[in-house]
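Undergrad: 3D model of this:
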Amino acid sequence: MSMKQEQEVDILTLDPQIYKFPGRSKSSVWNHFGFQKGSDGELDKSRAVCKICRQGIRYSGNTTNLHCHLTKHRRENTGLFEDLDESWMHASPDFKFKYVDSVVQSTVEDIKAAGNIQTTSSTTDDNKSGQRSKHQQLNDTIVNFFIEHLLPLSVVESTSFYSMIAVADPMYVVPDKEYLFGNLIHQFYIETKKSIASEISGNEVITVAEVWESITGEKFVSISVQLINTQWQMKTFLLKTVSLNSVINEDVFLRLFKATCEEWEIKSSTTLLNDGSNIIQKAITSLRLVNMPSCTTGLLTAGENLMKNQTVTKSVIEQVILIIGQILQDKSPADLYGKMFEIIKDYKEIEAKTFSWTAFNSVISCILENKQSFNTTDMDSKLNLTDERWQEISDMEAVLSPIQKAYKLLSDDSSVISSMILPILRKLEMALASKKTDSEFIKVLKKATWSSVSTPFNSTAVRKFLLISSLLDPRYKDLQFVETTEKTQARELLGTVATEMYRERNRTNGSYDGEIIVVEESGDVIRIEPMEKRQKLDHQEKRNGTDDWLADVVCKDNPVDKGSDKEEKVLVEIDHYISTQQVSTPPLQWWSSRENLYPTLSRLARRYLCMNNFSVSENNTVKNAKLSPETVDKLLFLHHNYYGR
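TA: Numbering: from 1, shown residues only. Predicted structure coming up:
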C-alpha cells in the first residue's frame, strides 16, 4: 500500500459528530482534527478526522500525517495555519529524504536563506504580510529544487519532505503536488517559454530530434533547437518532450514535429540533426530538411560495432580481460604494476564484460604502455602472450584511438560541431587507410570502422551543408582537407545561399544598396564605403519596337543581359572573406567582431555554425529521473532551459 493510501481513508460515517482530542495537547493541529466514535461507542483514536472535509487520516501518535493533509486546504483557507506552533519541527528529528538524501542539508539551508526565516509565531500585521512574501520565496525555492533534481512530484507529499521543510520553517505550508505542478511550475514554465520564444524569434536555427530511454525503461522523444544569438553565444533550447507509447510511428512524430515548429514559430530551420532512430529517419523525408546525422552518435556507434564484431575482435577482447583479471588477482598489484594498476582497478567492469569501447581502449593503451611488466616467465605462462597476440592488441588500439580522440574533441560543449566534421572525417580517413604492411586483421578492422563512420555523411545534401559550414569557419576556410573540385563547389554553394538570403532579406526589409569594404593588399580593412549606384549602360537603355525588329540585321550577336544569378554585393563580401588569412581564432569570436563588414555572411554563419553537442540522454540527471509522462515535458523543459548546460 502506498503512503498516500496509508494516510487517507474513506470518510467515516458511523457517527457524524467529531469529538475533540481527549486530554491536553501542545499541537494546535488538533484545532482542525478530532475523533469519531466507533461501533462500540468508544473514540476511534486510530483515525483522526479533518473538520474541514471530514476525511479520515490514519493516526498513530504522530501528527505529521495530519499536517500533510492540511496542505490540501491551503488555497481555500489562507489563514488556516497561522496558529500552528513549533511542535511539528520536532516530529521526526532523525528524518532522511530518501530520494535526494545527498542534497537535503543544502536544501534546508537554501530554504532558510530564501526568506531569512523567523520561526516565531507572534507577528504584527506588517510582519504577517512579510511572512506571506517569505512563503512565496519558499514556494520558488521548492520549485527550483524539484526542477534542478527532476524529482517525482509525489515527493512533495512524503513525510520526510514535510519534516525537512519543518526544520527550515514550521510555519510554512508545503503545496500539494497538484498545486505545485498545476500552478507554481506551470507559471514558471509560461514565463520561461516567453523568454525563450523572444530569443528564438528571427534567428537562424537548427532543429534537433532525439529518441532516448530513461532509467525506468520508458522511451521519450525530445525536440530542441540550436542557434547563435545576437551576442554570438551558442544556445540550445529544449522545446518538447513526449513519451513514446506503443502506437507512435513516423506519422505521429511528423505531426509532433510540425506542431512544435508552429507553436514556436520556427520558420528558418533548414537542417534537422537526429540520432538515427528509425522513427525519425522514416519521417524526415517529408520534412524537406537536410537530414544531418549526429557525428558523436556515429563515432559511438562505430566503436560499439567494432566491439560487437565477434568474428574479428572476440579473441583480443578475451585476452585483455585475462590480463586485467591477472592484474587484479595478484597479491601486490600496486607494487608489481605501479601506475597501471591505479588505472586498471577503475575498470573492473571490463572483467565482467559490461564495458564500453572507450573504457576498453583506455585500458589497452595503458597495457601497451606497460608491456614490459608482463615480460616475465610466470606471466607468460599464465597468459600465453605471444608476439602475434600483442600485435593484435596493438592493432585494435590503433583503430580505436583516433575514434576516441575525435569523440573527445566533439564532446566539448563549447565547440562548433558542424564545421569540424569534414576535417575530422579526413583525419579519420587517413588514420584508417590500409597500408601495405598491415596484417589482414587490422585491414578488416579499418575497413569496417571507416565504413561505419563515413556512411552517414555520404548524402549530397549533408556534404553541401558541411562544405559551407567549414568554409564559414575562419579556422578551416582554406578547405585543405577536401579535393580541389569540392573547394570550387563550396565557393559556388556559398555564393548561391548567400544570394538567396540577401534577396530574401531585401524582400522582407526593403532594398539595401550595401557597402564596399576597402582593403589593403594584406587583407586588412581600411574603411567601409557606400556602394555607388551602377550607371545604366547603353545596351540597357530602353529600345523601341523598330530597334527590336531590326536587331537581327544591325546588331552583333551579343547575349542579352538577363541579370546574374549572384548578387554583386554578396560576391564582394565573399571575395574579401576568401582573401583573408586562415586563423585559429574561435569562429564565434571572429564573426562577432566582423558582423558589420559581412552583413550577409555573418547571418549565414549563424545558420551553418550553430550545431553543437547537445544530447538529452547524456545528462545523468535526466537519465536517472523517474518522471511520469504527464510531467516530463515541463520539468525537462525547465531543467534544461532554466539551469542550462
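Undergrad: give me the distance between the nearest residue to residue 434 once chain neighbours are set aside and residue 437.
TA: Leaving out its chain neighbours, the residue that sits closest to residue 434 by Cβ to Cβ, 6 or more residues apart in numbering is residue 443, at 5.1 Å. No exception for glycine: its C-beta is placed from N, CA and C like everyone else's. If you measure residue 443 against residue 437 using Cβ to Cβ, to the nearest Å, the figure is 10 Å.
Undergrad: repeat for residue 642
TA: Separation of residue 642 from residue 437 (Cβ to Cβ): 56 Å.
Undergrad: tell me which of these two has more neighbours.
TA: Using other Cβ atoms under 10 Å as the criterion, residue 642 and residue 437 rank with residue 642 on top: 17 against 6.
Undergrad: so who does the more buried one touch?
TA: Shown in contact with residue 642 (Cβ atoms under 8 Å, 6 or more residues apart in numbering): 147, 188, 192.
Undergrad: could you do residue 251 as well?
TA: residue 283.
Undergrad: may I have the secondary structure class of residue 581?
TA: When classified by DSSP: H, G, I helix; E, B strand; the rest coil, residue 581 comes out as coil.
Undergrad: can I assume the residue nearest to residue 434 is in contact with residue 433?
TA: No - Residue 443 lies out of contact with residue 433 (Cβ atoms under 8 Å); the separation is 10.3 Å.
Undergrad: thinking again about what came up before, which of the contacts of residue 642 are buried?
TA: Buried members of these, scored by 16 or more other Cβ atoms under 10 Å, are 147, 188, 192.
Undergrad: I'd say the second one and residue 638 touch.
TA: Translated: residue 188. Yes - the pair residue 188 and residue 638 qualifies as a contact (Cβ under 8 Å) at a distance of 6.1 Å.
Undergrad: shared neighbours of these two, which are they?
TA: Joint contacts of residue 188 and residue 638 (Cβ under 8 Å, 6+ apart) are residue 147.
Undergrad: export the buried ones among the contacts of residue 642 to a markdown table and tack on pLDDT?
TA: Output for the buried ones among the contacts of residue 642, formatted as a markdown table (pLDDT from 0 to 100):
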| residue | pLDDT |
| --- | --- |
| 147 | 91 |
| 188 | 92 |
| 192 | 93 |
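Undergrad: these in helices, which ones?
TA: Those of the buried ones among the contacts of residue 642 mapping onto helices are 147, 188, 192, per DSSP state H.
Undergrad: measure the last one to residue 184 for me?
TA: Relative to residue 184, residue 192 is positioned 13 Å away (Cβ to Cβ).
Undergrad: could I get the full set of strands for this structure?
TA: Remark: strands assigned in the chain by DSSP state E are 8-9, 33-34, 47-50, 56-58, 205-213, 219-228, 234-243, 271-274, 290-293, 515-519, 525-530.
Undergrad: output those as a markdown table; include the columns mean neighbour count.
TA: Output for these, formatted as a markdown table (neighbours: other Cβ atoms under 10 Å):
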| stretch | mean neighbour count |
| --- | --- |
| strand 8-9 | 16 |
| strand 33-34 | 20 |
| strand 47-50 | 22 |
| strand 56-58 | 18 |
| strand 205-213 | 22 |
| strand 219-228 | 23 |
| strand 234-243 | 21 |
| strand 271-274 | 23 |
| strand 290-293 | 20 |
| strand 515-519 | 15 |
| strand 525-530 | 10 |
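Undergrad: by mean pLDDT, show me the worst of those.
TA: When the strands of the chain are compared by mean pLDDT, strand 8-9 comes last with a mean of 38.
Undergrad: Provide a list of residues in contact with the closest residue to residue 398 other than its chain neighbours.
TA: Ranked by Cβ to Cβ, 6+ apart and with sequence neighbours excluded, the top spatial neighbour of residue 398 is residue 442, at 6.9 Å. Counting by Cβ under 8 Å, 6+ apart, residue 442 touches 395, 398, 399.
Undergrad: now those as JSON lines including neighbour count, distance to residue 356 and pLDDT?
TA: Listed next are these as JSON lines, based on neighbours: other Cβ atoms under 10 Å; distance: Cβ to Cβ, whole Å; pLDDT from 0 to 100:
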{"residue": "395", "neighbour count": "19", "distance to residue 356": "20", "pLDDT": "93"}
{"residue": "398", "neighbour count": "16", "distance to residue 356": "19", "pLDDT": "94"}
{"residue": "399", "neighbour count": "22", "distance to residue 356": "16", "pLDDT": "94"}
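Undergrad: and residue 278, how close does it get to residue 185?
TA: Going from residue 278 to residue 185 by Cβ to Cβ gives 33 Å.
Undergrad: quick one: which of those two has more around it?
TA: Ranked by neighbour count (other Cβ under 10 Å), residue 278 and residue 185 place residue 185 first, with 23 against 10.
Undergrad: is the more buried one in contact with residue 142, as I believe?
TA: No - between residue 185 and residue 142 there is no contact under Cβ under 8 Å: 9.8 Å.
Undergrad: would you mind measuring from the nearest residue to residue 135 once chain neighbours are set aside to residue 70?
TA: What sits nearest to residue 135 in space, not counting adjacent residues and going by Cβ to Cβ, 6+ apart, is residue 172, at 6.0 Å. The gap separating residue 172 from residue 70 is 12 Å, by Cβ to Cβ.
Undergrad: likewise residue 136?
TA: Separation of residue 136 from residue 70 (Cβ to Cβ) stands at 19 Å.
Undergrad: neighbour count for these two, which is higher?
TA: Between residue 136 and residue 70, counted using other Cβ under 10 Å, residue 70 has the larger neighbour count: 22 against 12.
Undergrad: which residues touch the nearest residue to the more buried one once chain neighbours are set aside?
TA: In this structure, residue 70 finds its nearest non-sequential neighbour in residue 32, 6.3 Å apart by Cβ to Cβ, 6+ apart. Listed by Cβ under 8 Å, 6+ apart, the contact partners of residue 32 are 50, 51, 52, 66, 70, 80.
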